[in-house]
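Enquirer: pasting a predicted model and its sequence here:
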Amino acid sequence: MNKRIILKVAVLLFLIWGLVFAQEKKEIKYFGGNYRDPFLSALPQEKPVEKIEKVNPPDLKLQGIVWGSDKPRAIINGIVLGKGDKIGEAEIVEIRKEGVEFIYKEHFFFLERASGIIKEKTD
């Protein structure tokens, strides 16, 4: 019976001790603004591959080039054009002895003088 009384007194003292010395919970603040988010992957993310739209060049016929002057000219579809001129949606970028470079729907093309073939520039 002495053991029971001692046990009850010990438990009662423990509870009183906890109530007397109980402290308020402190709010923990985290200042991790300069650190990476630990829930995001540390692995490099794959960038989505952009689909490159295939653009067919306009139907242009190169009929002649005058390149000996300070303002070279090209005759395309019967129209005399210089650098910066437009024919339809195509804008002439450069006129050289080998042919005419133009931009069409944000793609660069080269119209060859000898063959009349239009090739898309990739560089």
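Expert: Perfect, I can see it now.
Enquirer: outside of stretch 95-109 itself, list whatever touches it.
Expert: With CB atoms under 8 Å, 6 or more residues apart in numbering as the test, stretch 95-109 has contacts from 55, 57-58, 60, 62, 65, 67, 72-74, 76, 82-83, 89-94, 110-114, 118-121. Backbone N, C-alpha and C define where each C-beta goes, glycine included.
Enquirer: can you select the buried ones among these for me in ChimeraX?
Expert: Entered in ChimeraX, the line below selects the buried ones among the contacts of stretch 95-109, by 16 or more other CB atoms under 10 Å:
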select :57,58,60,62,65,72,73,74,76,83,90,92,110,111,113,118
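Enquirer: the contacts of stretch 95-109 in strands, which ones?
Expert: Assigned to strands by DSSP state E, the following of these qualify: 62, 65, 73-74, 76, 82, 90-94, 110-112, 118-120.
Enquirer: mind listing what the closest residue to residue 104 other than its chain neighbours touches?
Expert: Nearest residue to residue 104 in three dimensions, chain neighbours excluded: residue 90, at 4.5 Å (CB to CB, 6 or more residues apart in numbering). By CB under 8 Å, 6+ apart, the contact list for residue 90 reads 57-58, 60, 102-104, 109.
Enquirer: beta partners for residue 90?
Expert: For residue 90, the beta-bridge partners are residue 87 (DSSP bridges).
Enquirer: what helix or strand is the residue nearest to the spatial centre of the chain on?
Expert: The structure's the chain has its C-alpha centroid closest to residue 47; by CA atoms, centre = their mean the separation is 7.9 Å. Using DSSP states H and E, residue 47 maps to neither a helix nor a strand.
Enquirer: remind me which residues of the protein are low pLDDT?
Expert: 1, 17, 19-24, 30, 123 (pLDDT under 70).
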